[in-house]
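A.B. asks: Using only what follows, build the 3D model:
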Amino acid sequence: MYILKTSHNFEASHHLKGHLEGCRNNHGHSYQVYIEIAQEDLQTEGAARGMILDFKDVKKIFKEYIDFYDHAMIIEHYDFGDKPTEHRVDVKIGDLDIVEQTRVITVPYRPTAENMCKYFFDDLVELGVPVYSIEVYETRNNSAKYCPKR
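C.D. replies: Take a look at the predicted model:
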């Protein structure tokens, strides 16, 4: 089996509703997301001959997908369907405008690294990408990876 791997990063904040420690507060990460794509055979014709897929094509699709989450607050909410939904939100304390039109993305799962892996995997497969695994780093030292049993 041939496997190619590339990555892309995004900056975002999230909070984990119901968490008993600091993660229940809104906090940010410099996420690094790795995708592995696998095929038994390489392309035999055309510009991608001798490749699984052209890195340029993989990176374009992956970057566009991941960039949706860049510089957003990611929160768990199930009232907006089964796809991530972008919102613009004003934050006020009393009459004081704190933040205007901040970008919030609601997702139909608890936004842990583990759940992001699984959701990104399933969503990219649905888009036709032959994903083998997804790994999400929240920090340089901490990551979660999803790779289904084969």
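A.B. asks: Using PDB, write down the CA coordinates of stretch 59-67.
C.D. replies: C-alpha atoms of stretch 59-67 as PDB (Å, rounded to 0.1, in the frame of the first residue of the first chain):
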ATOM      1  CA  LYS A  59      -3.100  20.200  -0.500                       C
ATOM      2  CA  LYS A  60      -5.600  22.400  -2.300                       C
ATOM      3  CA  ILE A  61      -8.600  20.400  -1.200                       C
ATOM      4  CA  PHE A  62      -7.200  19.900   2.300                       C
ATOM      5  CA  LYS A  63      -6.300  23.500   2.800                       C
ATOM      6  CA  GLU A  64      -9.700  24.800   1.600                       C
ATOM      7  CA  TYR A  65     -11.400  22.300   4.000                       C
ATOM      8  CA  ILE A  66      -9.300  23.200   7.000                       C
ATOM      9  CA  ASP A  67      -9.300  26.900   6.400                       C
END
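A.B. asks: what's it in contact with?
C.D. replies: 6, 8, 9, 10, 33, 35, 120, 123, 124, 127, 129 (CB atoms under 8 Å, 6 or more residues apart in numbering). C-beta coordinates here come from the backbone N, C-alpha and C atoms, glycine included.
A.B. asks: Now the buried members of the residues you listed.
C.D. replies: By neighbour count, with 16 or more other CB atoms under 10 Å, those hold 8, 10, 33, 35, 120, 124, 129 as buried.
A.B. asks: Adding distance to residue 50 as columns, could you present those residues in CSV?
C.D. replies: Listed next are the buried ones among the contacts of stretch 59-67 as CSV, based on distance: CB to CB, whole Å:
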residue, distance to residue 50
8, 24
10, 31
33, 26
35, 20
120, 28
124, 24
129, 20
